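Novice: model this:
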Amino acid sequence: MQVPAGELLSKIAFPSDLKQLTEDELEQVCNELRQYIIDVVSVNGGHFAASLGTVELTVALQYVLNTPYDQLVWDVGHQAYGHKILTGRRDTFHTNRIHGGISGFPKRSESVYDTFGVGHSSTSISAALGMAVASQYKGETDRQHVAVIGDGAMTAGMAFEALNHAGIENSNLLVILNDNNMSIDPNVGALKEYLTDITTSKPYNRFRDDIANVLTKISSIGPDAFKIAKKLEKSIKGTLLKRSNFFEALKFRYFGPVDGHDVKHLVKLLQDLRNIPGPKLLHCITVKGKGYALAEKDQTKWHAPGLFDKITGEIKKTKYDKPQPPKYQDVFGHTIIELAEANSKIMGITPAMPSGCSLNLMMKAMPNRAFDVGIAEQHAVTFSAGLATQGLTPFCNIYSSFMQRAYDQVIHDVAIQKLNVVFCLDRAGIAGADGPTHHGAYDLAYMRSIPNMTVSAPMNEEELRNLMYTAQLDNMGPFSIRYPRGNGVMVDWQRPFKAIPVGKGRKICDGEDVAILSIGTIGNEVVKATAMLNEEGYYPAHYDLRFVKPLDEALLHEVFSKYGHVITVEDGCLEGGMGSAVLEFMADNKYHATTVVRLGMPDQVIEHGEQPELWADCGYDAASIAAKVRALDIKRNKHTIAS
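Specialist: Okay, here's the model as predicted:
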């Protein structure tokens, strides 16, 4: 639903319109922009608190910079709703994250103002540095390059790597550290404490502004004076706060901390920083959820709250007459506690997603056995490997698309050493409105290619519990379990644990002429399809493989010996996935009389939308599966239809 914009905001289609206003009018623009985000997100959904915290920074940047010539890179993208609204997408913002609408993240194909596509964190500094070096090479000395990165994203190794490189390039790069002490959950680690030290240091903050004024006057005298001022600045900062020179040790000029909600002061700072050469870092203190009291108070809850009443703050939830199945993430969260209570070797690890994956339940119940390691997927995997070498059984919970970032560590540090690390891959398959950067498309393919790895996917909540139980048994080695975002299919899911024989599938129903093989929760779409087909007189068999590595060869021999048609269904990429594994088995065992049809994600980028919409687009929702069966050269059981 589209909502009206305020008096000034309604006149701003692009940054060029914003520049026509006076600096005194910018505060009103900020107020209207913040209210517009509240109005739209409350009725259409989406990420919320992060963009409220960057309103003033967004307005100041677009007011000072000459975008899109000047290159502005947003990290993650949760912060960039204001950016989208000010860069030609105000009137389409109500379609944000909706199937066929604009993306919830910056996207190069959507706008020239989106200089770099983002979804995962900590890429902005590397990307902006690459742009800055390119501009330097092409002689574009007047071009500005700005990376806006949150303090949570700064904990990732890639951000440190980029800072380390940028310090020696002397390119025209400004890194803006949006410090709100939050990612989705509260930040953790030594960097957080370090930034807090800077923020709360009274001596440093008392003298900072006076020193800055003096140094600015000295610098204006000439080049030699500028060099002297720079050395003096570094010495004074180091004296006032010994730990404040971390960024300067990497050859960045550090400015801050400053109030990230004072738009007029930010404009002045950014105008001054345009004229300072080399790598610079501006440290802005902001409040996630700024301007919406409930979001300021509970920033995790309001990161992406869904639809809500903007007046009362009531988050709108669907009301049901009877109990509903739980989210798969909550099944994981409760099950790992049950397992850990019985097995003292179990530990829980997540890279900055404790509430998203529900490991926060274990962190509360067993704080010495559950770890949030920050946005650092590579470290999370190798840290887990280290635990495993000492006889412990770590459950490393990482979203499927984030696990891609730690692929080398899975191979090098876990699989080669045959360590019993259990990888719980949340958000596997179509992830929904977050779109292509978040779809868990590839884990079946990339995990099954690794030696020593067990690769599994449950069809329902009970199977998830049993796979977790199986994975923590002695000497199981590397073990991958994938499951999707959203709710399951069982209300009565907390049943006694049963070990599942590794590499053993199961027959859901027998049938005639055609067998449908599925892996994971998409098998529930197959169940719907078979019910539809049975009413029409078609009787496909259905097998739930459960494991794509090792394959259940006995089951596959039965299928290929009995059925002339086989359909494979997976909520993942077709290239290298479960269907490919079945074709490999078929070729290796010289089954030539069977026709195989593979359903899954095609070899293309899958855009954003609700899961059922995208399953249909990709051709493996229940209706599409049924249509594939009807299209085969098989006969219906006519007497069944007549009856």
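
Novice: all helices of the stretch 501-643 of the chain, in order?
Specialist: All helices of the stretch 501-643 of the chain, identified by DSSP state H, counting those that start in this stretch, fall at 523-536, 553-562, 578-588, 611-618, 622-630, 638-642.

Novice: Isn't Thr393 up against Ala342?
Specialist: No. The criterion here is CB atoms under 8 Å, and Thr393 misses it with Ala342 at 11.7 Å. (C-beta placed from N, C-alpha, C; glycine too.)

Novice: who's more crowded, the two?
Specialist: Shown here are Thr393 and Ala342; by other CB atoms under 10 Å, Thr393 has more neighbours (24 against 10).

Novice: Phi, psi for the more buried one please.
Specialist: Per-residue torsions, Thr393: phi -120, psi 90 (degrees, to the nearest 10).

Novice: separation between it and Ser171?
Specialist: For Thr393, the distance to Ser171 equals 46 Å [CB to CB, to the nearest Å].

Novice: Kindly report the same for Pro540.
Specialist: Pro540 is 60 Å from Ser171, by CB to CB.

Novice: of these two, who's got more company?
Specialist: Shown here are Pro540 and Ser171; by other CB under 10 Å, Pro540 has more neighbours (27 against 21).

Novice: Which pLDDT value goes with that one?
Specialist: Listed pLDDT for Pro540 reads 97.

Novice: residues contacting it?
Specialist: By CB atoms under 8 Å, 6 or more residues apart in numbering, the residues touching Pro540 are 511-516, 529-530, 533, 567, 629.

Novice: Recalculate using a threshold of 7 Å.
Specialist: With contacts defined as CB atoms under 7 Å, 6 or more residues apart in numbering, Pro540 is in contact with 511, 514-516, 530, 533, 629.

Novice: give me phi/psi at Thr123?
Specialist: Here is the backbone geometry of Thr123 (degrees, to the nearest 10): phi -100, psi -10.

Novice: That one: neighbour count?
Specialist: Thr123: 23 surrounding residues under other CB under 10 Å.

Novice: same deal with Glu553?
Specialist: The number of residues near Glu553, taken as other CB under 10 Å, comes to 12.

Novice: How much space separates the nearest residue in space to it that is not next to it in sequence from Leu551?
Specialist: Of all residues beyond its chain neighbours, the one nearest Glu553 is Phe585 (6.9 Å), with distances taken as CB to CB, 6 or more residues apart in numbering. Per CB to CB, Phe585 is found 6 Å from Leu551.

Novice: model confidence over stretch 552-559, on average?
Specialist: For stretch 552-559, the mean confidence score works out to 98.

Novice: Name the residues that touch that stretch?
Specialist: 503-505, 515, 517, 543, 545, 566, 582, 585.

Novice: 10 Å instead, please
Specialist: Contact with stretch 552-559 is made by 501-507, 515-517, 541, 543-547, 566, 581-582, 585-586, 588-589, 591, 594, as judged by CB atoms under 10 Å, 6 or more residues apart in numbering.

Novice: and the gap between Ala554 and Phe371?
Specialist: 40 Å.

Novice: Among the contacts of stretch 552-559, name the buried ones.
Specialist: The neighbour count (16 or more other CB atoms under 10 Å) marks 502-503, 505, 515-517, 541, 543-547, 566, 581-582, 585-586, 591 as buried among those.

Novice: ok, Ala554 and Phe371, which is more surrounded?
Specialist: Neighbour tally, Ala554 and Phe371, criterion other CB under 10 Å: the higher count belongs to Phe371, 23 against 11.

Novice: I figured the more buried one was touching Gly348, is that so?
Specialist: Yes. In this structure Phe371 lies within contact range of Gly348 using CB atoms under 10 Å: 6.9 Å.

Novice: shared neighbours, the two?
Specialist: By CB under 10 Å, 6+ apart, the residues touching both Phe371 and Gly348 are 354, 359, 362-363, 384, 394, 396.

Novice: those helices in the stretch 351-500 of the chain, which residues are they?
Specialist: Going by DSSP H, counting those that start in this stretch, the stretch 351-500 of the chain shows helices at 354-357, 360-365, 377-389, 400-403, 407-409, 443-448, 461-471.

Novice: host element of Ile38?
Specialist: Element membership of Ile38 [criterion: DSSP states H and E] is helix 26-44.

Novice: swap that for Thr67, sorry
Specialist: Per DSSP H and E, there is no helix or strand for Thr67.

Novice: Let me see the contact set for it.
Specialist: 14-16, 61, 83, 86-87, 112-113, 115, 144, 146.
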